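S.K.: Take this sequence and fold it.
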Amino acid sequence: MIILSPLGWLGRSTLYFLAATGRITLFALQAFSHIFRPPWYPRELFNALMQIGWLSLPVVGMTALFTGGALALQIYSGGSRFNAEAVVPQIVAIGMVRELGPVMAGLMIAARVTSSIAAEIATMKVTEQIDALVTLSTDPMKYLVAPRVLAALLTVPVLVGVGDIIGIAGGYTVAVQSLGFNPAAYLQNTVDFLEPLDIISSLAKGAAFGVIAAMMGCYFGMASGRGAMGVGRATKDSVETAAVLILAANFALTGVFFSL
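M.R.: Numbers count the residues shown, from 1 in each chain. Okay, the predicted model is just below:
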């Protein structure tokens, strides 16, 4: 029995993981199907665009700015050991555009947007507002989920693009003001080193991360338990799952774009 107990735990965990994966997959397919079928709710979409896109810009911008500046300092410090300080513009550019820009923006969106969506929808479920929507012949998936997922799909790539630019600007500012780089040479090295595939991959990652963040908030909000504890657990689980899936998706997409 002592030997079989860990095996039983492993089996139950595996079955739970597979069942949860199936539920999330079916939920995502259902959500995407509602995006392309009427009726549509423009007001809900506009509110979601503002909440996910515009109001997330300050935190994404500040995160990217300090990340770019810190990256320039780290690359300069490490490169000085090998007399390779001149690679700072190139490494900052590729680091921000390929990896740090999309990932940091995705995690900030998960922290800010996923938690907000999960808490909002879970609270609506607890207070029976979702049941009221059904009573009024309004599909909660179409009214609550589809606009948020579509808004994230549209706005997060824009946030990632803006974050990439601000991050590179942060590295530029530190390199020019503190490390003695020539401004024109720094910008020229940045432009020459980046390739179209780098930018495409960054925006594609932003779209994927946005969908993951919004989808996890909606899924855990709709599946939350009753009471304040259910709302809190849904919020916590949504952010944890979104963060892990964003990092996993980043690994997978990096392999797809840069190992062909």
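
S.K.: Going along the chain from the strand or helix carrying residue 147, find the next helix or strand for me.
M.R.: Residue 147 belongs to helix 146-177 when assigned by DSSP states H and E. Using DSSP H and E, the helix or strand that follows helix 146-177 in sequence is helix 183-193.

S.K.: That following helix packs against which elements?
M.R.: helix 88-94, helix 146-177 (3 or more CB pairs under 8 Å, 6 or more residues apart in numbering; DSSP states H and E). Using the backbone N, CA and C atoms, a C-beta is placed for each residue, glycine as well.

S.K.: can you tell me which of the ones you listed the model trusts least?
M.R.: Among the helices and strands packed on helix 183-193, helix 88-94 carries the lowest mean pLDDT, at a mean of 90.

S.K.: possible to save the helices and strands packed on helix 183-193 as JSON lines with distance to residue 61 and mean neighbour count?
M.R.: What follows is the helices and strands packed on helix 183-193, written out as JSON lines (distance: least, CB to CB, whole Å; neighbours: other CB atoms under 10 Å):
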{"stretch": "helix 88-94", "distance to residue 61": "17", "mean neighbour count": "22"}
{"stretch": "helix 146-177", "distance to residue 61": "5", "mean neighbour count": "23"}
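
S.K.: How much space separates the residue lying closest to residue 28 once chain neighbours are set aside from residue 39?
M.R.: Using CB to CB, 6 or more residues apart in numbering and skipping the chain neighbours, the partner closest in space to residue 28 is residue 215 (5.5 Å). Distance of residue 215 to residue 39, computed by CB to CB, to the nearest Å: 21 Å.

S.K.: Who has more neighbours out of these two?
M.R.: residue 215 (26 against 9; other CB atoms under 10 Å).

S.K.: how close does the more buried one sit to residue 149?
M.R.: To residue 149, residue 215 is 6 Å away according to CB to CB.

S.K.: what residues does stretch 56-66 touch?
M.R.: 96, 101, 104-105, 108-109, 112-113, 155, 159, 162-164, 166-167, 169-170 (CB atoms under 8 Å, 6 or more residues apart in numbering).

S.K.: Which positions within it qualify as buried?
M.R.: Buried residues in stretch 56-66, counting neighbours by 16 or more other CB atoms under 10 Å, are found at 56, 60-61, 63-65.

S.K.: Could you provide those in CSV, with additional columns for distance to residue 88 and pLDDT?
M.R.: Compiled in CSV, the buried residues of stretch 56-66 are given as follows (distance: CB to CB, whole Å; pLDDT from 0 to 100):
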residue, distance to residue 88, pLDDT
56, 29, 93
60, 23, 95
61, 22, 94
63, 20, 94
64, 17, 94
65, 16, 95
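
S.K.: Cool, thanks, talk later.
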